[in-house]
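K.L.:
Here is a sequence with its predicted model. Questions after.
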Amino acid sequence: MSISIVHRDSRRWQVCIRLMAVMTGIGSLLFLGACSVSPTHPALKSTNLPPLVPVRAFTANIDYTGGYRVSPDGSKLLWSGVSLLRPALYWRDLNSGKSGVQRFRKRTPRAFWASDSKHILYHLDASGRENHQVYAWNTRSGKARPLTPGNGTKAWVEHVPRTVSDVIFVAHNARDPEWFDLYRHNLETNETTPIAQNLDSVVRRLLDDDGREILRQRLENDHYIAEVREGDTYREVLRHDRFTDWYPFEITPDGSTAYTLSNRDRDRLALVTTDLTDGSETVLFEHPRVDVGNVWMDPGTRKPMYYQTYDGYPADVVLDDALNQLLEPLRSDEPFGININSLSRDRSTGTVTRYDHTGSTYYLIEGGGKTLTELGQSPSRKRADIWTEVEPFSIPARDGLELHGYLTRPAQNAETAKPLPTVLYVHGGPWARDYWGHDDFAQMLSNRGYAVLRVNYRGSSGYGRGHRDAAKGEFAGKMHTDLLDAVDWAVAEGISDPDKIGIFGGSYGGYATLVGLTMTPDRFACGVDFVGVSDLATLLEDAPPYWRPFMPFWHAFAGDPAIPEQREELNKRSPLYHADKLQSPLLIIHGRNDPRVKLDQSERMVAALRAAGKTVTFKSVADEGHGFQHWKNRTAMFRQVEDFFANCLGGRSSGFELYSLGAWAF
């Protein structure tokens with residue numbers, strides 16, 4: 001059961017609904033656009049807002065294109081798009097023009113090439129339960145087939161050989177749901193051969209092209225142990241605690257050194273080389289304020305070509321002179337970022353993306369690595385003049401910790417500018433972060449008239465271990481007051497109307513929404529919880545089995561429900577036990593197949609709210625999990641959220657979405 005949203009202009013909506021029910025043909029379709037809702041907030045009435053962008057432009061673009069990858073031999077191009085109104089993968093032979101397409105029911109999976117340049121590999125989870133399976137699509141036969149067992153297992157490609165090969169190496173947990181064993185799969189014969197059962201608590205492996213472990217990390221009590229293979233045994237190289245990050249991703253050809261992202265004995269992740277004899281590190285690149293990330297390696301020399309940092313805006317450092325010169329035309333004085341997406345073995349062909357706050361443009365490197373040709377643009381680029389700037393900001397939290405975030409706000413007439421209705425948009429994780437660039441949801445809210453505030457609160461990644469570890473024991477504590485401090489800053493700066501601030505988030509962001517509306521109920525006018533947590537103790541107890549090795553990390557930050565005193569503290573920090581304090585409108589949306597934050601987290605919260613006499617709107621969606629994949633469900637969610645915020649914050653809404661009329665067919 002759910003309670004419907006009551007719109008402030010209910011008579012107008014009732015008329016729209018009645019007319020939609022009786023009108024047919026083209027006339028009825030044209031009329032539907034008239035059901036959009038104009039803004040009522042005083043700041044928006046005096047502002048010339050840009051054209052209202054329909055929801056389908058954010059969720060159901062039939063001209064979507066992206067994910068361009070060249071094959072290892074440089075002869076073929078792979079990308080994602082839409083075919084016959086379905087998400088799809090495409091490939092094309094760059095020489096002959098031969099091509100193929102593979103359609104999917106929901107979202108297009110991320111795809112990449114096998115080393116034979118003939119098979120396309122991808123991970124697919126159609127249910128939302130995150131039991132991804134590995135598939136291979138043969139570009140010669142046009143057929144796609146699963147390579148892993150299914151039946152509730154989780155699988156991924158562990159290694160694609162660098163040399164030309166018909167073999168890939170996959171991992172899955174069919175034997176033991178908690179641990180992932182290693183298998184060799186022949187793409188030509190479709191034979192799968194077990195290589196190694198994971199009996200040693202291995203959490204990360206680097207393999208050679210024959211599937212042998214060169215370097216592995218395993219868990220032992222509260223430490224990770226890095227080991228190199230020597231014959232049939234392993235030799236320990238180093239060990240570190242659970243709160244140190246050490247991510248090896250490439251071994252030099254002579255096997256003596258690992259390229260690693262590491263914060264051993266430092267605060268921030270740096271790109272280092274690790275000596276595999278004694279574990280000593282040599283720093284290659286580090287940043288004074290943020291972590292190093294997104295390193296790209298030369299496919300031939302196996303040396304770093306490029307790395308990226310995010311200190312407000314992205315900074316792209318290209319270490320290869322020839323590549324740096326090739327990318328020079330993509331640079332500008334305005335903020336932008338560049339991602340290298342793929343390179344052939346000989347570096348003569350590749351793909352790169354240039355992005356900014358309006359979207360992305362994709363390029364093909366060709367002509368022996370000497371020319372750039374535009375392949376396409378993200379659909380958002382069609383409306384580049386509409387999207388508003390994404391402004392980085394830094395502020396001190398009340399205890400002095402530096403916080404960083406991004407502000408997106410609608411254009412205003414300077415002479416009539418007034419504080420805006422605002423949505424605090426909280427990222428999930430919590431060990432994740434917000435980035436600069438084009439965010440569909442933030443731009444949709446800005447287009448509706450809201451200032452959108454995104455905060456990398458303590459616990460967020462990217463700003464060093466000190467920023468992350470400051471979140472220990474601070475669920476519903478300082479993690480939440482960081483959000484409130486950002487709101488206070490926006491109000492003090494004249495950006496936000498203190499009486500019209502909403503909060504929205506998914507996963508941890510959904511938890512933050514529930515915390516905000518129940519534990520600080522006077523701070524928010526309304527909120528939307530998407531797949532959020534209401535009860536921390538049962539979240540941890542009901543975690544998927546493959547989370548178990550990492551639960552001590554969770555316990556250090558949130559608490560251990562097996563310890564009575566800590567369970568009591570978890571309950572104090574859980575919105576479920578504060579349901580009676582809700583004062584403002586709340587919308588809860590959840591996928592029924594969610595394996596991380598199970599549906600009962602929302603169902604129990606809704607039951608507690610209704611038992612306390614509170615009004616809540618609840619929507620559960622079948623065949624979706626921890627994040628919606630199907631465009632019709634994403635469209636419905638975006639529509640419900642924009643109507644909800646229009647009702648309580650006074651922004652505008654696009655009204656009935658025409659695409660929804662045919663959604664039942666897909």
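P.N.:
Cool, got the structure.
K.L.:
Run through the helices of this structure in chain order.
P.N.:
10-22, 25-32, 42-45, 56-59, 321-327, 440-447, 465-469, 478-492, 508-519, 536-541, 551-557, 564-572, 600-611, 631-649 (DSSP state H).
K.L.:
Now those in JSON lines, please, with extra columns for mean neighbour count.
P.N.:
To be clear about C-beta, it is placed using only N, CA and C from the backbone, and glycine gets the same treatment. JSON lines is the format used below for those (neighbours: other CB atoms under 10 Å):
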{"stretch": "helix 10-22", "mean neighbour count": "12"}
{"stretch": "helix 25-32", "mean neighbour count": "12"}
{"stretch": "helix 42-45", "mean neighbour count": "18"}
{"stretch": "helix 56-59", "mean neighbour count": "20"}
{"stretch": "helix 321-327", "mean neighbour count": "15"}
{"stretch": "helix 440-447", "mean neighbour count": "23"}
{"stretch": "helix 465-469", "mean neighbour count": "18"}
{"stretch": "helix 478-492", "mean neighbour count": "21"}
{"stretch": "helix 508-519", "mean neighbour count": "28"}
{"stretch": "helix 536-541", "mean neighbour count": "19"}
{"stretch": "helix 551-557", "mean neighbour count": "15"}
{"stretch": "helix 564-572", "mean neighbour count": "15"}
{"stretch": "helix 600-611", "mean neighbour count": "20"}
{"stretch": "helix 631-649", "mean neighbour count": "22"}
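K.L.:
wait, which of these is closest to Gly376?
P.N.:
Across those, Gly376 has its closest neighbour in helix 56-59 (16.5 Å, CB to CB).
K.L.:
that older thread, dump the helices of the chain into CSV; add distance to Gly502 and mean pLDDT as well.
P.N.:
Shown next, in CSV, are the helices of the chain (distance: least, CB to CB, whole Å; pLDDT from 0 to 100):
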stretch, distance to Gly502, mean pLDDT
helix 10-22, 20, 41
helix 25-32, 26, 41
helix 42-45, 14, 92
helix 56-59, 18, 93
helix 321-327, 40, 94
helix 440-447, 9, 97
helix 465-469, 26, 98
helix 478-492, 11, 98
helix 508-519, 9, 98
helix 536-541, 23, 98
helix 551-557, 27, 96
helix 564-572, 25, 98
helix 600-611, 18, 98
helix 631-649, 5, 96
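K.L.:
can the ones you listed go into a markdown table with extra columns for distance to Ser75?
P.N.:
Shown next, in a markdown table, are the helices of the chain (distance: least, CB to CB, whole Å):
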| stretch | distance to Ser75 |
| --- | --- |
| helix 10-22 | 52 |
| helix 25-32 | 45 |
| helix 42-45 | 53 |
| helix 56-59 | 35 |
| helix 321-327 | 20 |
| helix 440-447 | 34 |
| helix 465-469 | 43 |
| helix 478-492 | 50 |
| helix 508-519 | 43 |
| helix 536-541 | 48 |
| helix 551-557 | 44 |
| helix 564-572 | 55 |
| helix 600-611 | 49 |
| helix 631-649 | 32 |
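K.L.:
Among those, which comes closest to Ser360?
P.N.:
The closest of the helices of the chain to Ser360 is helix 440-447. By CB to CB, the value is 12.0 Å.
K.L.:
Please export the C-alpha coordinates of the closest one as PDB.
P.N.:
Extracted C-alpha coordinates of helix 440-447, given in PDB (Å, rounded to 0.1, in the frame of the first residue of the first chain):
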ATOM      1  CA  ASP A 440      22.000  14.000 -14.900                       C
ATOM      2  CA  PHE A 441      20.100  14.100 -11.700                       C
ATOM      3  CA  ALA A 442      21.800  17.300 -10.400                       C
ATOM      4  CA  GLN A 443      21.200  19.100 -13.700                       C
ATOM      5  CA  MET A 444      17.600  18.000 -13.800                       C
ATOM      6  CA  LEU A 445      17.000  19.400 -10.400                       C
ATOM      7  CA  SER A 446      18.800  22.600 -11.300                       C
ATOM      8  CA  ASN A 447      16.700  22.800 -14.500                       C
END
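K.L.:
Glu624: which of the helices of the chain is closest?
P.N.:
With CB to CB as the criterion, Glu624 lies closest to helix 631-649 of those, at 5.6 Å.
K.L.:
Without its sequence neighbours, what residue ends up closest to Gln197?
P.N.:
Excluding its sequence neighbours, the residue lying closest to Gln197 (CB to CB, 6 or more residues apart in numbering) is Asp181, at 5.1 Å.
K.L.:
which ones are touching that neighbour?
P.N.:
Shown in contact with Asp181 (CB atoms under 8 Å, 6 or more residues apart in numbering): Ala171, His172, Asn173, Ala174, Arg175, Pro194, Ile195, Ala196, Gln197, Asn198.
K.L.:
And for Phe530?
P.N.:
Phe530 neighbours (CB under 8 Å, 6+ apart): Phe504, Gly505, Gly506, Ser507, Gly509, Gly510, Ile589, His590, Met637.
K.L.:
so which of those residues comes closest to Leu84?
P.N.:
Closest approach to Leu84 among these (CB to CB): Met637, at 23.6 Å.
K.L.:
pretty sure that closest one is touching His590, no?
P.N.:
No - checked against CB atoms under 8 Å, the pair Met637 and His590 is beyond contact range at 10.6 Å.
K.L.:
Now do the shared contacts for these two.
P.N.:
Contact with both Met637 and His590 is made by residues Phe530, Lys619, Val621, according to CB under 8 Å, 6+ apart.
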